[in-house]
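Visitor: what's the 3D shape of this:
(chains A, B, C and D)
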There are 2 protein chains.
Amino acid sequence: MALEHAILVSLDERSGSGYELAQRFEKSIGFFWAATHQQIYRTLKRMVDLGWVSCHEVTQDGRPDKKVYEVTGGGRAELTRWLSSPGEPETVRNDLAVKVRGASLGDAGAVIAELARHRDLHAERLDVYLAFEKKDFPDPSALSGRRLHQYLILRGGIRAEQGLVEWCDEALAAMREDQRR
Amino acid sequence: MALEHAILVSLDERSGSGYELAQRFEKSIGFFWAATHQQIYRTLKRMVDLGWVSCHEVTQDGRPDKKVYEVTGGGRAELTRWLSSPGEPETVRNDLAVKVRGASLGDAGAVIAELARHRDLHAERLDVYLAFEKKDFPDPSALSGRRLHQYLILRGGIRAEQGLVEWCDEALAAMREDQRR
DNA sequence: GGGTGCAGTGCAACTAGTTGCATAGGTCAC
DNA sequence: GTGACCTATGCAACTAGTTGCACTGCACCC
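Guide: Numbers count the residues shown, from 1 in each chain, chains lettered A, B, ... in the order given. Coordinates of the predicted model:
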């Protein structure tokens, strides 16, 4: 499982509370790992037990108190161990593909509409990523270390969304053509 | 959840036992939905309770008896309903991306090796898919209905693997270049 | 006759992830 | 002053998926 490790990477960049982490997961880290606040709070608790992160409460005024977590030596050791251990590619799960495959057993028009909806969702996400790229990484060839790695992740997100938009377009064209015949 | 629906699509094409389904999931359906035999047996049982599939035992000689499942009217109704209902794109989960993002906190060389390993895995899968394409769909423009949908799914798999291979190559080149400096 | 391997089904225990709800302090607008 | 919204944490119950094991029957090879 990589949620722990995604949290370690994120906390290593900057210590923070569960709430802050949840927001980071909604944004940058969410390109390649999704997590709800529930999952994060529970996992943080487990990670404290494992000695991978430490926690101290911070009293705030004007807003509720929070618990700030930071990575310990044990956490860094675990991260190093994990980075060097092999893993398998995630198993694919694609609702939309199941729908396309089943289109001839139901309402093909509805599946086409669903494809078009997903096409637009992916195009929207792609635009967001491309805007990040333009703004945050204007000169990719100059990057190194952590900044390079952040850039590469973004590139992965861009490629994935591009591929999905193109696939939706291909499928839409073929299925619409098939319907006309 | 789409495992039920993936099973319905598969059983609608051809009735079969849990064992057979598990094999189909290892092959064709596995392009876009992974499932173990355990999951399949459990889900089939639930689907019988829901009235989506019916089950009858088949005595075999030379091998153990089996239970053959087939889709009922209720199952087809459920499938139609689901095909017309909107769904969200799956949340992404990518171990390898987490590793790349964390590469500067551990052994960057190990992450590079892991990238190279995954690159080869994806290239291998891509070859398998391309061979299917060549063999099973020599003339895509002539396809319609179910055959077209099967082809489009395969195209999705091909695009996804191609994108991953290219991304691995991009990341490998950049990280190796960064190491040399 | 003993090992390997395929076909076939399943339980039990576990880990991971989702959903709904609760609570509590504070700001800001109408 | 009250309703909407943001920060902040968490429990409980559920659904989904994984892992390890167990059993049966038969075939085929050495």
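Visitor: which residues does the residue nearest to residue A:145 when sequence neighbours are not counted contact?
Guide: Spatial nearest neighbour of residue A:145, chain neighbours left out: residue B:104 (5.0 Å); criterion: CB to CB, 6 or more residues apart in numbering or on different chains. For glycine as for every other residue, the C-beta is placed from the backbone atoms N, C-alpha and C. Neighbouring residues of residue B:104 by CB atoms under 8 Å, 6 or more residues apart in numbering or on different chains: A:145-146, A:149.
Visitor: Ok, residue A:140 next?
Guide: Residue A:140 touches residue A:151, counting by CB under 8 Å, 6+ apart.
Visitor: so what pLDDT did it get?
Guide: Looking at residue A:140, its pLDDT reads 96.
Visitor: just residue A:177 next, same as before
Guide: Per-residue pLDDT puts residue A:177 at 97.
Visitor: Count the neighbours of it for me.
Guide: By the criterion of other CB atoms under 10 Å in any protein chain shown, residue A:177 has 12 neighbours.
Visitor: what's the angle from the helix or strand harbouring it to helix B:145-180?
Guide: According to DSSP states H and E, residue A:177 maps onto helix A:145-180. Angle, helix A:145-180 to helix B:145-180, by axes from the mean of the first three to the mean of the last three CA atoms, to 10 degrees: 170 degrees.
Visitor: Which positions in helix A:145-180 come out as buried?
Guide: Residues of helix A:145-180 classed as buried by neighbour count (16 or more other CB atoms under 10 Å in any protein chain shown): A:148-165, A:167-168, A:171-172, A:174-175, A:178.
Visitor: again with stretch A:50-61
Guide: A:52-54.
Visitor: is DNA strand D contacted by it?
Guide: Yes: with CB under 7 Å from any atom of the strand as the criterion, DNA strand D is reached by stretch A:50-61 at residue A:60.
Visitor: what's near enough to touch the nearest residue to residue A:8 once chain neighbours are set aside?
Guide: Leaving out its chain neighbours, the residue that sits closest to residue A:8 by CB to CB, 6+ apart is residue A:79, at 4.7 Å. Residue A:79 sits next to A:5, A:8-9, A:12, A:71, B:102, B:105-106 when contact means CB under 8 Å, 6+ apart.
Visitor: Spell out which helix or strand contains residue A:79, please.
Guide: Using DSSP H and E, residue A:79 sits in helix A:73-83.
Visitor: Which positions within that helix qualify as buried?
Guide: By neighbour count on 16+ other CB under 10 Å, the buried set for helix A:73-83 is A:75, A:78-80, A:82-83.
Visitor: Please save the CA atoms from it in CSV.
Guide: This file holds the C-alpha atoms of helix A:73-83, laid out as CSV (Å, rounded to 0.1, in the frame of the first residue of the first chain):
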residue,chain,number,x,y,z
GLY,A,73,13.9,9.0,11.3
GLY,A,74,11.9,5.8,11.3
GLY,A,75,9.6,7.2,8.7
ARG,A,76,12.5,8.3,6.5
ALA,A,77,14.0,4.8,6.8
GLU,A,78,10.7,3.2,5.8
LEU,A,79,10.4,5.5,2.9
THR,A,80,13.9,4.7,1.7
ARG,A,81,13.2,1.0,2.1
TRP,A,82,10.0,1.3,0.1
LEU,A,83,11.6,3.4,-2.7
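Visitor: I'd assumed residue A:22 was in contact with residue A:37.
Guide: Yes: the pair residue A:37 / residue A:22 is scored as a contact, 4.1 Å apart, by CB atoms under 8 Å.
Visitor: quick one: which of these two has more around it?
Guide: Using other CB under 10 Å as the criterion, residue A:37 and residue A:22 rank with residue A:22 on top: 18 against 14.
Visitor: Quick check: that one vs residue B:2, distance?
Guide: 26 Å (CB to CB, to the nearest Å).
Visitor: Likewise for residue A:15?
Guide: 38 Å.
Visitor: How about residue A:77?
Guide: As judged by CB to CB, residue A:77 and residue B:2 stand 39 Å apart.
Visitor: quick one, what contacts residue A:125?
Guide: Residues near residue A:125 by CB under 8 Å, 6+ apart: A:157, A:161.
Visitor: Quick one: work out the angle between the strand or helix carrying it and helix B:73-83.
Guide: Per DSSP H and E: residue A:125 is located in helix A:108-136. If you take the same axes, to 10 degrees, helix A:108-136 sits at 40 degrees to helix B:73-83.
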